[in-house]
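1. Build me a structure from this.
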Amino acid sequence: MVKILHTADLHIGEDIFSQYSVKAASERFNDILYSLEQVKDIALENDVDVVIIAGDVFNRIIPSGNSSLYFSKFLKQLLENRVHTIIVRGNHDRPYTEGTSELLKTFNILLSTKQEEYFHYLSKIENIVITAKDGKKVSFTALPYYPSELEFKEVKSVEEAFEKARYEKRQEFIVKLKEESLRKVNELRVNADADYHILVAHVPIMGAIPGSERIFYGSKYEVVYEVNEISRLPFDYIALGHFHIMQQVGSERCWYSGSIYRLTFDEPSYLDGRELSKSSKGVILVSEQNGALVPKPVYIRTRDLCVVHLNYSNPKTRPLPDNIEEIVEQVAAKCPIKDKSLPPCVKVFVKISDTQRRMLNEYRIREMLLEKGYLDVKFDIATEQTEQVSLKTSNMPVEEALTRYVESLQINPQLKKHVLEESLKILKEVMGE
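-> So this is what the prediction gives:
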């Protein structure tokens, strides 16, 4: 029985966590290693024939030594167990210019003759056929993020290709490029002698949920595909990479496997206390059943990332709590610590009026949340202008005018009371003199 594990978007690299504290950054890098270990265990326990990595192995084209080392260990364990590993080039894997080499190509040199037979890095539209343990042949056709044979055709970089296309109608250029890519893909499938045909594509698809890749989605350097352009291609299974949310796209046989851990707060596990099942992490296990390839998500254990919104923009209806512990408890209620051995990171978005901003001590709140056990806490504070109250006090007694002015201030009620008492006390002393 043919068995295939589909994963993608490993994004191995410490640099992706540079915005964290030293301790949190180290733990977040360990999250990658923990997820890799689980992926390897699923592959070996299920005795899969092939592991597909549909692009973006590293977070940078030239990764750190640590990143290369740990991926090498992961890869070695698969290859030594005779698990074919197919990697299709993603946008984070492609070189910037023609003169830049691709690190993943060097693995063929470093591997032993025995291991090399099971390692396959596909950087262009090409096809390989692998014989599974049961003797069936499976064809894998690659559609990289931007095929290398198109990338450097009469230009030095993909950016230059798009710059050159400015002088044509951009839409016509994109249509021609996609038509040529899909023509090659179909031609390779037709000519492959195999029992099953699989497409491995690192592409953005219109309408799918991007997750952390949303900042690149639809940029001028991306070739975006319609759902039907990919999902209706006549393959037995379509393994997608690029978007970080695990999801089915257009067909029960077309899937993004998603990233294997939560990269950023764009894919939280909790949003204001509501658990988001769509951000669960894992792999797709594809098994042969009754003459067809059937995909099934297999989930793994990962660290929670929470997003919490607090709104104190209107001091009259939503005043800042007097006690700082109330704010801490509000955050804690919306970001539960379910597993103390894998504590969550939380990002708090705060809307607050300009008059209350100076009373919000986010540094102390962060300290208290860290003491509760959170791995890291981040704040994003937006200040809103408070409508000023105009008072006509020219014909009022001084005491009444002062009282009305202090009562109009949008500050903590206890502080307001204290300010009023002290102001009246000073006024009496001055008037007495």
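2. immediately after the longest helix along the chain, which helix or strand?
-> For the chain, the longest helix by residue count, based on DSSP state H, is helix 22-45. Going down the chain from helix 22-45, the next helix or strand is strand 50-53, by DSSP states H and E.
3. Which helix or strand lies directly C-terminal to that following strand?
-> Counting by DSSP H and E, the element after strand 50-53 in chain order, helix or strand, is helix 65-80.
4. Would you mark the buried spots in whatever helix or strand comes next after that next one?
-> Per DSSP H and E, the first helix or strand lying C-terminal to helix 65-80 is strand 84-88. Under the neighbour-count criterion of 16 or more other Cβ atoms under 10 Å, strand 84-88 has 84-88 buried. Bear in mind the C-beta positions are built from the backbone N, C-alpha and C, glycine included.
5. Check stretch 202-212 too.
-> Taking 16+ other Cβ under 10 Å as the criterion, stretch 202-212 shows 202-205, 208-212 as buried.
6. For that stretch, C-alpha coordinates in PDB please.
-> Coordinates of each C-alpha in stretch 202-212 appear next as PDB, following Å, rounded to 0.1, in the frame of the first residue of the first chain:
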ATOM      1  CA  HIS A 202       4.600  25.900  -4.000                       C
ATOM      2  CA  VAL A 203       2.100  28.500  -5.200                       C
ATOM      3  CA  PRO A 204      -0.400  31.000  -3.800                       C
ATOM      4  CA  ILE A 205      -4.000  30.200  -4.600                       C
ATOM      5  CA  MET A 206      -6.700  32.900  -4.700                       C
ATOM      6  CA  GLY A 207      -9.200  32.500  -1.900                       C
ATOM      7  CA  ALA A 208      -7.100  30.300   0.300                       C
ATOM      8  CA  ILE A 209      -6.100  31.500   3.800                       C
ATOM      9  CA  PRO A 210      -2.500  32.600   3.800                       C
ATOM     10  CA  GLY A 211      -1.500  32.800   7.500                       C
ATOM     11  CA  SER A 212       2.000  34.300   8.000                       C
END
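7. Start from the N-terminal end of this protein and give the helices.
-> 22-45, 65-80, 107-110, 113-116, 148-151, 158-165, 170-191, 227-231, 324-334, 362-372, 398-408, 413-432.
8. Mean pLDDT lowest where, among the ones you listed?
-> Among those, helix 148-151 carries the lowest mean pLDDT, at a mean of 45.
9. in the stretch 151-300 of the chain, which spans are strands?
-> For the stretch 151-300 of the chain, the strands defined by DSSP state E, counting those that start in this stretch occupy 196-202, 237-241, 247-248, 254-256, 270-271, 274-275, 282-289, 292-299.
10. what lines up beside the second one in the sheet?
-> When sheet partners are counted by DSSP bridges, strand 237-241 sits next to strand 196-202 (parallel), strand 254-256 (parallel).
11. And the longest one, how far out from the chain middle?
-> Here the centre of strand 196-202 is set off from its chain's centre by 23 Å, with Cα atoms, centre = their mean, to the nearest Å.
12. So which residues make contact with it?
-> Contact partners of strand 196-202, identified using Cβ atoms under 8 Å, 6 or more residues apart in numbering, comprise 2, 4, 8, 52, 54-56, 86, 88-91, 122, 136-145, 185, 189, 230, 233-242, 288, 293.
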